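Trainee: Need coordinates for the following:
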Amino acid sequence: MSRTIDYGNLMHRAMRGLIRDVLLDVQARGLPGQHHFFITFDTMHPDVEIADWLSDRYPDEMTIVMQHWYDNLEVTDDGFAVTLNFGDNPEPLYIPFDAIRTFVDPSVEFGLTFKSQEDDDEVEEAPMDEDVEPEDEKPHEADVVSLDSFRK
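Mentor: Numbers count the residues shown, from 1 in each chain. This next block holds a predicted model:
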């Protein structure tokens, strides 16, 4: 039996690391210039922490905007916490990095999209450190992210 390199998961891990690094910089120094973020995440992820009324209103996914007002940004290895204003009601949120579906900074036409394997109906690949892989498993194809949809 042969094993394969799971480039898809490696790429997603690297992209989530990029988001973490960006948010760590914003935590330390604030948002520079016209930078702002649209972050869409899976509200049903087991580690997401949002108010009940928000999860009722957004039962599948939610997009938040970090731009003019945000508070208490705290970035960890696994996710970030932030307080955002919803109609003059500050609400704390916790979003794990693996719950993020899209991360966009329209000020510089930058965007990342995370395509889940459930969306592809693909079988989950064995971790790279295992020598055994099911014979019927197909290698994961790379997802190409087009930035054209984020251009002005």
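
Trainee: so Ile64 is in which element?
Mentor: Ile64 belongs to strand 61-66 when assigned by DSSP states H and E.

Trainee: swap that for Trp53, sorry
Mentor: Going by DSSP H and E, Trp53 is part of helix 52-57.

Trainee: what comes into contact with that helix?
Mentor: Outside helix 52-57, the residues that touch it by Cβ atoms under 8 Å, 6 or more residues apart in numbering are Thr43, Met62, Phe86, Glu91, Leu93. Bear in mind the C-beta positions are built from the backbone N, C-alpha and C, glycine included.

Trainee: Check the gap between the fourth one and Asp47 for me.
Mentor: With distances taken as Cβ to Cβ, to the nearest Å, Glu91 is found 17 Å from Asp47.

Trainee: For these two, indicate the residue with more neighbours.
Mentor: A direct count of neighbours by other Cβ atoms under 10 Å for Glu91 and Asp47 places Glu91 higher, at 15 against 12.

Trainee: burial measure for the nearest residue to that one once chain neighbours are set aside, as a count.
Mentor: Using Cβ to Cβ, 6 or more residues apart in numbering and skipping residues adjacent in sequence, the residue nearest Glu91 is Ala51, 5.2 Å away. Neighbour count for Ala51, taken as other Cβ under 10 Å: 13.

Trainee: Ala51 and Leu84 touch, don't they?
Mentor: No: contact status for Ala51 versus Leu84: not in contact, 10.7 Å apart, counting by Cβ atoms under 8 Å.

Trainee: For the two, list the residues in contact with both.
Mentor: Glu91.

Trainee: So which residues of the chain form strands?
Mentor: Counting by DSSP state E, the chain has strands at residues 37-42, 61-66, 71-75, 79-85, 90-96, 100-105, 110-113.

Trainee: Partner strands of the last one, with direction?
Mentor: By that I understand strand 110-113. strand 100-105 (antiparallel) (DSSP bridges).

Trainee: What angle do strand 79-85 and the partner strand make with each other?
Mentor: With axes from the mean of the first three to the mean of the last three Cα atoms, to 10 degrees defining the directions, strand 100-105 sits at 60 degrees from strand 79-85.

Trainee: roughly how far is strand 100-105 from the heart of the chain?
Mentor: 6 Å (Cα atoms, centre = their mean, to the nearest Å).
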